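1. sequence-free structure coming up:
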């Protein structure tokens, strides 16, 4: 049976391979069989209010329709787990900076339409932040004073991390796979089938 690490790699391909470097490293660096290792120390933790914000934002990204939403698939807990276990301090700081900004805006008290407007504003701002992040990444790769620069380096912007981890968490969950795809467990029969109009994509 495919483990979660393999599933993450497949989701990366599903998304066109356009994941940020820290996200690719997050699962590429995990040793095989790591599920049997003792739990990692907690270096990243959200408050209860911040968890609520993460949950609401994730649900805006993948809302419940005739299929499960992000909350149903356990995405909020997955995001916090991934950040703690697989990401480093720059991403911890940038993610907390983004959540704190939403706290200050009173995100949870806003109406659904106001929340959408707020997230669209955050997305617009993130486009510029990503340009700065990409320039920084190039400089860190080429500059001889990389050690000094890395101390000032900022992590992947909050909104980019939030979207990546929401998609990764959702499409590697039981709910995300079984409700959005024609899931065929392995091992099983492998035979040609006629594609039907409106049929879901098949995953094994």
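-> Received, thanks. Note that the structure is predicted; figures quoted are calculated from it, not measured.
2. when you work out contacts or count neighbours from here on, use the C-alpha atoms and nothing else.
-> OK.
3. ok, residue 67 to residue 52 distance?
-> Separation of residue 67 from residue 52 (CA to CA, to the nearest Å): 21 Å.
4. nope, residue 103 is what I was after
-> From residue 103 across to residue 52, the span is 10 Å (CA to CA).
5. now swap in residue 122 and tell me
-> From residue 122 across to residue 52, the span is 18 Å (CA to CA).
6. for residue 161, same thing?
-> 17 Å.
7. count the residues that sit near residue 53.
-> Look at residue 53: counted by other CA atoms under 10 Å, it has 20 neighbours.
8. identify the residues contacting the residue nearest to it when sequence neighbours are not counted.
-> Spatial nearest neighbour of residue 53, chain neighbours left out: residue 108 (6.5 Å); criterion: CA to CA, 6 or more residues apart in numbering. Under the criterion of CA atoms under 8 Å, 6 or more residues apart in numbering, the neighbours of residue 108 are 52, 53, 56, 115.
9. which helix or strand contains residue 179?
-> Here residue 179, judged by DSSP states H and E, is contained in helix 174-180.
10. buried sites along that helix?
-> Of all the residues in helix 174-180, those buried under the rule 16 or more other CA atoms under 10 Å are 175, 176, 177, 178, 180.
11. where in this structure is pLDDT low?
-> Along the chain, segments meeting pLDDT under 70 span 1-19, 21, 24-41, 135-153, 183-191, 193, 199-204.
12. mind listing the strands for it?
-> Along the chain, counting by DSSP state E, strands occupy 182-183, 202-203.
13. helices or strands next to the helix holding residue 179 in the packing?
-> The elements that helix 174-180 packs onto, with contact taken as 3 or more CA pairs under 8 Å, 6 or more residues apart in numbering; DSSP states H and E, are helix 158-171.
14. by contact count, what packs against the helix it packs on?
-> Where contact means 3+ CA pairs under 8 Å, 6+ apart, helix 158-171 is packed against helix 4-14, helix 48-61, helix 75-86, helix 89-104, helix 112-142, helix 174-180.
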